[in-house]
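> Fold the following.
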Amino acid sequence: MHGITAIFKKELADHFSSYRFMILFALIAMVSLITAYMAGLNIRQDLAGIAKPQFVFLMLFTAQGALFSLVQFVAFFGPLIGLILGFDTINRERNEGTLSKLLSQPIFRDAVINGKFLAGVVMITIMMVSIILVITGLGLSMVGVVPGAEEILRILFYLVISIVYVSFWLGVAILFSILFRSIATSALAALAVWIFFSFFVSLGATVAANALAPDAQESGPEAVVRHAQIQKAFTLVSPMQLYTEGTATIIDPLKKTTRSIVLVGPMERISLSRFSGPLPLGQSIIVVFPYIISLIAITVICFAVSYTVFMRQEVRSV
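A predicted model of the protein is given here:
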């Protein structure tokens with residue numbers, strides 16, 4: 001694609017030279033370090049005087065810090081990285097009159113949006129890799145345990161899923177940047193989508209479950225399970241829920257399923273001891289494979305919609 005390299009380098013230079021990126025990166029890094037530090041202190045106190053269990057290093061990502069774990073922090077605040085990087089990607093160029101000048105050069109139109117999206121994904125990757133490396137170093141000094149090969153693989157897999165998850169929100173921000181000429185409007189629309197999926201989907205799922213399966217507590221275990229299944233089916237509409245369910249199983253080998261309520265029959269109780277140990281990485285990936293594929297699919301669809309709308313829009317010089 002002719003011109004995509006030039007657009008990519010230009011966008012990277014703009015991101016690295018912007019105060020917005022520096023402030024965002026400093027804020028995310030500071031909160032992540034504080035969360036990991038508090039989690040490391042809690043782990044060190046809990047394991048004082050006892051043999052360290054297997055996969056203790058992964059507890060840095062799942063253990064509760066001051067308010068939340070690192071995985072929960074990325075699930076909730078990670079979308080803001082993508083939204084802030086992309087909410088003015090196209091309309092800023094259009095308002096400044098540089099988009100028409102850019103397209104008057106020997107650069108294909110699709111190279112513009114592809115280069116901008118690729119630059120955003122690279123920035124997200126740099127931020128996530130930097131944060132995880134710093135937290136890994138902090139964990140080595142605080143916990144005093146060197147991560148094993150499987151722990152490193154799980155962290156790498158978690159990193160890839162996190163990049164895809166934040167890239168989805170980057171695609172959402174770019175889409176609104178294409179649809180709305182006003183930068184403020186595109187930013188508000190992107191934040192509204194984030195707030196909707198972060199708060200109102202879970203509330204709506206509870207309301208829907210209560211309406212479709214009322215009096216579940218009084219009707220027996222089958223009604224309770226049906227209520228939980230309905231609630232979870234509605235919450236899976238949210239990318240945040242897909243990401244949380246997927247990464248929780250990947251980063252925690254002791255988690256055997258993404259379901260919150262599991263019915264166990266007599267034969268399962270007899271053979272339960274076979275599954276008392278941690279799951280291998282391959283089995284954990286199989287458990288969360290539908291969630292990972294769903295995240296990748298909605299990310300591709302979101303960018304495809306942005307690509308199609310941008311290619312069909314008329315660009316006028318101002």
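
> Spell out the residue ranges of the helices in the stretch 51-200 of the chain.
Along the stretch 51-200 of the chain, counting by DSSP state H, counting those that start in this stretch, helices occupy 59-62, 70-86, 91-96, 98-103, 109-143, 149-179, 183-195.

> Among the ones you listed, which comes closest to Ile250?
Closest of the helices of the stretch 51-200 of the chain to Ile250 is helix 149-179, at 5.4 Å (criterion: CB to CB). C-beta coordinates here come from the backbone N, C-alpha and C atoms, glycine included.

> The closest one versus helix 109-143: what angle between them?
Calculated by axes from the mean of the first three to the mean of the last three CA atoms, to 10 degrees, helix 149-179 forms an angle of 140 degrees with helix 109-143.

> now for helix 149-179, which elements pack on it?
Judged by 3 or more CB pairs under 8 Å, 6 or more residues apart in numbering; DSSP states H and E, the packing partners of helix 149-179 are helix 70-86, helix 91-96, helix 109-143, helix 183-195, helix 239-251, helix 281-312.

> ranking these by burial, who's on top?
Scoring the helices and strands packed on helix 149-179 by mean neighbour count under mean count of other CB atoms under 10 Å gives helix 239-251 as the most buried, with a mean of 24.

> Okay, now the unreliable bits of the stretch 151-300 of the chain?
215-224, 227, 256-277 (pLDDT under 70).

> Spatially nearest residue to the residue nearest to the spatial centre of the chain (excluding sequence neighbours)?
Nearest to the mean C-alpha position of the chain, by CA atoms, centre = their mean, lies Tyr165 at 3.5 Å. With sequence-adjacent residues excluded and distances taken as CB to CB, 6 or more residues apart in numbering, Tyr165 is closest to Tyr243, at 4.4 Å.

> Could you list which residues are in contact with Ala190?
83, 86-87, 169, 172-173, 176 (CB atoms under 8 Å, 6 or more residues apart in numbering).

> could I get the residues you listed as JSON lines with distance to Met127?
Shown next, in JSON lines, are these (distance: CB to CB, whole Å):
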{"residue": "Leu83", "distance to Met127": "14"}
{"residue": "Gly86", "distance to Met127": "14"}
{"residue": "Phe87", "distance to Met127": "17"}
{"residue": "Trp169", "distance to Met127": "13"}
{"residue": "Val172", "distance to Met127": "18"}
{"residue": "Ala173", "distance to Met127": "15"}
{"residue": "Phe176", "distance to Met127": "21"}
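
> Between the residues you listed, which sits nearest Leu254?
Nearest to Leu254 among those: Trp169, at 29.4 Å, using CB to CB.

> is it true that that closest one touches Gly82?
Yes: applying CB atoms under 8 Å, one finds Trp169 in contact with Gly82, separated by 3.3 Å.

> hmm, back to that, so the residue nearest to the centre of the chain sits against Gly78, correct?
Yes: Tyr165 lies in contact with Gly78 (CB under 8 Å); the separation is 6.3 Å.

> which stretch of helix or strand covers Leu279?
Assignment of secondary structure by DSSP states H and E places Leu279 within no helix or strand.

> List the residues that contact it.
With CB under 8 Å, 6+ apart, Leu279 has these contacts: 253-256, 287.

> distance of Tyr243 from Pro147?
22 Å (CB to CB, to the nearest Å).

> do Arg226 as well
41 Å.

> Same question for Pro214.
48 Å.

> higher neighbour count, these two?
A side-by-side neighbour count of Pro214 and Pro147, using other CB atoms under 10 Å, places Pro147 first with 19 against 11.

> pretty sure the more buried one is in contact with Gly137, am I right?
No: in this structure, Pro147 is not within contact of Gly137 by CB under 8 Å, at 11.3 Å.
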